[in-house]
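Sequence plus the predicted model coming up.
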There are 2 protein chains.
Amino acid sequence: MTQQPLYFDDLRIGDRFQSPTYALDAEDIKRFAAEFDPQPFHLDEEAARGTIFGGLAASGWHTAAITMRLLVTGGPKLANGIVGAGGDIEWKTPARPGDVLHVDSEVVELIPSRSRPDRGLAVLRATTLNQRGDTVQVVNAKLMVSRQSAA
Amino acid sequence: MTQQPLYFDDLRIGDRFQSPTYALDAEDIKRFAAEFDPQPFHLDEEAARGTIFGGLAASGWHTAAITMRLLVTGGPKLANGIVGAGGDIEWKTPARPGDVLHVDSEVVELIPSRSRPDRGLAVLRATTLNQRGDTVQVVNAKLMVSRQSAA
């Protein structure tokens, strides 16, 4: 993996990136939830027990935010940064206190812009896994990527 | 809008919900970014000026997290809480310092589970708007919703 900034034409379908790890504890889960997703199963172990989660679980949006952090530090080093236009997201199993997460990502689609010759769209599939290898979340992110001619 | 907890069979396609507002400032944007999306256009006004954003902009995941907060406080009061299996997300225009956001949401699809008679899937389209009425983000969230028989 090079540290040279990558432009659209440097990317190939199948390019893969592996992130460092991120350790999540109960306090992190509760702090994020108190600010952004204040529901019992994200806020309190006791209250979480009787819910669909059966115990304290991270908000899916917390998992998504951690995934973004791991992509910034351990995804493709795009020349214009990691800038998303959108995508789809699937939560497979919740992140739990004590989990150590990492993100494996792969370029799965490359679409040059017809109207804007200075950029293209790269679809990056980012899979967030826990320390047991369970898939926690899958995002297919549509990233806007500059072309070198634009630089 | 009732405050009675809602079950799957209480929902109708076209049901709409309007959230309260959320005021975003530059410090919020930088604090979220420092933790989850540490890129120049989310961290520093000066550095943001020369980027695709042309100025400080909130991380899309920050907008998503704020949207979740606004859905918890001003979306459907589902009996089992707002629990997402996934969805798709589109960022139309970035949230900026000084923006006041709100979320309009609408039930757009209702799918009873074939394998689990105690639940169904509701697709909630959540549109996040700023104080000028510009659409900042659209999420189609697949929510797991309990059926009353399960209670």
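Thanks, I have it.

Now do the helices in chain A.
A:26-36, A:40-43, A:45-49, A:60-74 (DSSP state H).

Packed most tightly, which of these would that be?
Ranked by mean neighbour count under mean count of other C-beta atoms under 10 Å in any protein chain shown, the helices of chain A are led by helix A:60-74, which reaches a mean of 23. Bear in mind the C-beta positions are built from the backbone N, C-alpha and C, glycine included.

Taking helix B:26-36 as reference, get the angle to that one.
Using axes from the mean of the first three to the mean of the last three C-alpha atoms, to 10 degrees, one finds that helix A:60-74 and helix B:26-36 are set 70 degrees apart in direction.

So which elements touch helix A:60-74?
Contacts defined by 3 or more C-beta pairs under 8 Å, 6 or more residues apart in numbering or on different chains; DSSP states H and E place helix A:60-74 against strand A:16-23, helix A:26-36, strand A:84-91, strand A:100-112, strand A:119-129, strand A:135-146, helix B:26-36, helix B:60-74.

So which of these is nearest B:Arg114?
Evaluated over the helices and strands packed on helix A:60-74, closeness to B:Arg114 peaks at strand A:84-91, with 18.9 Å, by C-beta to C-beta.

Pick out the residue closest to the middle of chain A.
Central residue of chain A (C-alpha atoms, centre = their mean): A:Thr67, 3.0 Å from the mean position.

What distance do you get for A:Gly84 to A:Ala126?
10 Å (C-beta to C-beta, to the nearest Å).

what is in contact with those two at once?
Counting by C-beta atoms under 8 Å, 6 or more residues apart in numbering or on different chains, the residues touching both A:Gly84 and A:Ala126 are A:Ala141.

so which of the helices and strands packed on helix A:60-74 comes closest to B:Pro97?
Distance to B:Pro97, taken as C-beta to C-beta, is lowest for helix B:26-36 among the helices and strands packed on helix A:60-74, at 3.9 Å.

follow-up on the earlier one: which of A:Gly84 and A:Ala126 has more neighbours?
Counted by other C-beta atoms under 10 Å in any protein chain shown, A:Gly84 and A:Ala126 do not tie: A:Ala126 has more neighbours, with 24 against 20.
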